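> Sequence first, predicted model second:
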Amino acid sequence: MEYKDIDQNIAGRMRKWGMPAVRISFAVIFFWFGILKPFGLSAATELLMATVAWLPFGEPDTWLVVIGWWEVVIGITFLFRKTTKIAIALLLFQMVGTFMPLVFLPEVTFQNGNYLLPTLEGQYIIKNVMIISAALIVGGTFYKSKRDS
C-alpha cells in the first residue's frame, strides 16, 4: 500500500466520521454547559449575570435559567439531522449574547484594558469563533452546490 492510498483511506474515514463527531461534540458541550446554568453550577454564572444585568427586562437569575435551557435545547437539536438547522439558528442567536461581555465588560474580558490581552474569560468567549465556524460547516452540508456535482 502506498502513502497516497493510506492518506486517501484516512481522509475517507475523516469525511465519514467528521460530521457526526462535530454534531455530537456540539450536543455534549451545549447540553453539559447549559444544564449547569439553571442549577447555579456553571463557572460562567457570574459573568453571565453581570452581562445581562443591564437588560431593561427580566432579572439576571431568570436570564441564567433561560439561557441554560436554551443551550440544552441547542445540544439536543444537534443530535438529530432533521433538527440541525434549528440548532444552528439557535446557536447563532445565542452567540450574539455570548460576545456581549467583550463589549459591555471589557474590564473582565481584557487585561488592563488592552484588547490584545484577553483574560481567561475573554479567551473563553473568543474561542466561540471556532464554534461559529464549525456550525457554518455543518450547515453547509445540507445541500450540494453545483460546484460539488
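Good, I have the coordinates.
> can you tell me which residues contact the residue minimising distance to the centre of the chain?
Nearest to the geometric centre of the chain sits residue 131, at 4.5 Å (C-alpha atoms, centre = their mean). Residues in contact with residue 131 (C-beta atoms under 8 Å, 6 or more residues apart in numbering) are 26, 29, 91, 95. C-beta here means a position set from N, CA and C on the backbone, and glycine is covered the same way.
> Can you list the buried residues in whichever helix or strand residue 115 is part of?
Residue 115 belongs to strand 114-118 when assigned by DSSP states H and E. Within strand 114-118, the residues scored as buried using 16 or more other C-beta atoms under 10 Å are residue 118.
> so how far is it from its chain's centroid?
Relative to the centre of its chain, strand 114-118 is centred 22 Å away, using C-alpha atoms, centre = their mean, to the nearest Å.
> repeat for stretch 45-59
The chain centre lies 19 Å from the centre of stretch 45-59; the measure is C-alpha atoms, centre = their mean.
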